[in-house]
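Undergrad: Need a 3D model of the following:
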Amino acid sequence: MSAGLRLLAVDDEQPALQDLARLLRSHASVSEVCCAGDARQALHLLSEGAFAGLFLDVRMPDIDGLELAGVLRRFAAPPAVVFVSAHDEAAVSAFELRALDYLMKPVSRQRIDQALARIVERVRTADEAAALAPGTLGPDEIVPLERAHGGGMRLVHRSEILYLQSHGDYVRVITDDGRFLVRARLSELQERWSARGFARVHRGYMANLQRAVEVRPSLDGQAVLRLQDGSELPIARRQLPALRRRLGV
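TA: Predicted structure coming up:
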């Protein structure tokens, strides 16, 4: 492991969250600790980057720690999960979800050290396995999205997304299974998603190039990108050369 551990701490009680983050940040093996006050915020952070470990409170409103850990099992490369709780009744369920450790509050530095040592060993083992299998998947591909109608949240694989469309302070996300929203600007997603197979094709659109099937001229002398579902997106003239290079056409 060449770099320090990147960790995510999740607890709906801010004093407990800050105490836990302080303990983690003081450890020599840790390079970064992000904090989330609930499971929904944690899912957003998890969708934007990889974490080596997740220190997770069990009892939280809306989505509790056990439910969140269950969702993580769908990730291609889930973080190691360490539960942190003032109660021990969820310990059996936690280990059924393959939790790496279960810490009781108030958490001691010794137990933090033990949990981090287990995460370091897990990362080392995963690095060795990746070196033997260079074609394996990288960061997770699960994205939390808000439903465009009716509220609620849906978790989708990034590969299910066809394209993104600018929509004021939101981005409309078109998938195989419907339309959803992300509270962000298209330019923000462009920065984060360009390395994951997406390309800005127009000021109002960003396409999943893995779902593209054709670049062809349009009647007005410009070009359109056709996707697997038959959708056609306008291509800005200045974007066309770079897009052709990425698609190899």
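
Undergrad: for the most centrally placed residue in the chain, helix, strand, or coil?
TA: For the chain, the residue nearest the mean C-alpha position is Ser47 (1.2 Å; CA atoms, centre = their mean). Recorded secondary structure, Ser47: helix (DSSP: H, G, I helix; E, B strand; the rest coil).

Undergrad: shift numbering so it begins at 42
TA: I'll keep to 42 as the first residue from here, and by that count the last item is Ser88.

Undergrad: Can you give me the pLDDT of it?
TA: Looking at Ser88, its pLDDT reads 81.

Undergrad: right, and it touches Val184 too?
TA: Yes. Taking contacts as CB atoms under 8 Å, Ser88 lies within contact range of Val184: 4.9 Å. For glycine as for every other residue, the C-beta is placed from the backbone atoms N, C-alpha and C.

Undergrad: In terms of residue numbering, what are the domains of the protein?
TA: Domains of the chain are assigned by automatic domain parsing as 46-173, 184-288.

Undergrad: Report the contact partners of the residue lying closest to Ile104 once chain neighbours are set aside.
TA: Once flanking residues are discounted, Ile104 sits nearest to Ala80: 3.6 Å by CB to CB, 6 or more residues apart in numbering. Residues counted as contacts of Ala80 (CB atoms under 8 Å, 6 or more residues apart in numbering) are 51, 101, 103-106, 108-109.

Undergrad: Any of those residues buried? List them.
TA: 51, 101, 104-106, 109 (16 or more other CB atoms under 10 Å).

Undergrad: so of those residues, which ones are in strands?
TA: Of the buried ones among the contacts of Ala80, the ones assigned to strands by DSSP state E are Val51.

Undergrad: could I get the buried ones among the contacts of Ala80 as a markdown table with pLDDT and distance to Arg224?
TA: What follows is the buried ones among the contacts of Ala80, written out as a markdown table (pLDDT from 0 to 100; distance: CB to CB, whole Å):
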| residue | pLDDT | distance to Arg224 |
| --- | --- | --- |
| Val51 | 96 | 19 |
| Met101 | 91 | 21 |
| Ile104 | 86 | 18 |
| Asp105 | 89 | 23 |
| Gly106 | 89 | 24 |
| Leu109 | 90 | 20 |
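
Undergrad: Give the residue spans of the protein that score low on pLDDT.
TA: 42-44, 117, 167-182, 190-193, 260-262, 290 (pLDDT under 70).

Undergrad: Where is the longest helix in it?
TA: If you go by DSSP state H, the chain has its longest helix at helix 150-173.

Undergrad: Asp103 versus the residue nearest to Glu108 when sequence neighbours are not counted, what's the distance?
TA: Spatial nearest neighbour of Glu108, excluding adjacent residues (CB to CB, 6+ apart): Ala80 at 7.0 Å. Ala80 is 7 Å from Asp103, where distance means CB to CB, to the nearest Å.

Undergrad: what does Pro147 give?
TA: Taking CB to CB as the measure, Pro147 falls 25 Å from Asp103.

Undergrad: got it, and Leu266?
TA: Remark: distance between Leu266 and Asp103 (CB to CB) = 38 Å.

Undergrad: One more: Arg244?
TA: As judged by CB to CB, Arg244 and Asp103 stand 36 Å apart.

Undergrad: which one of the domains of the chain has the most crowded surroundings?
TA: Of all the domains of the chain, domain 46-173 has the most neighbours on average by mean count of other CB atoms under 10 Å, namely a mean of 17.

Undergrad: which residues of the protein fall in helices?
TA: Under the criterion DSSP H, the chain contains helices at 55-66, 80-89, 106-113, 132-137, 150-173, 227-234, 281-288.
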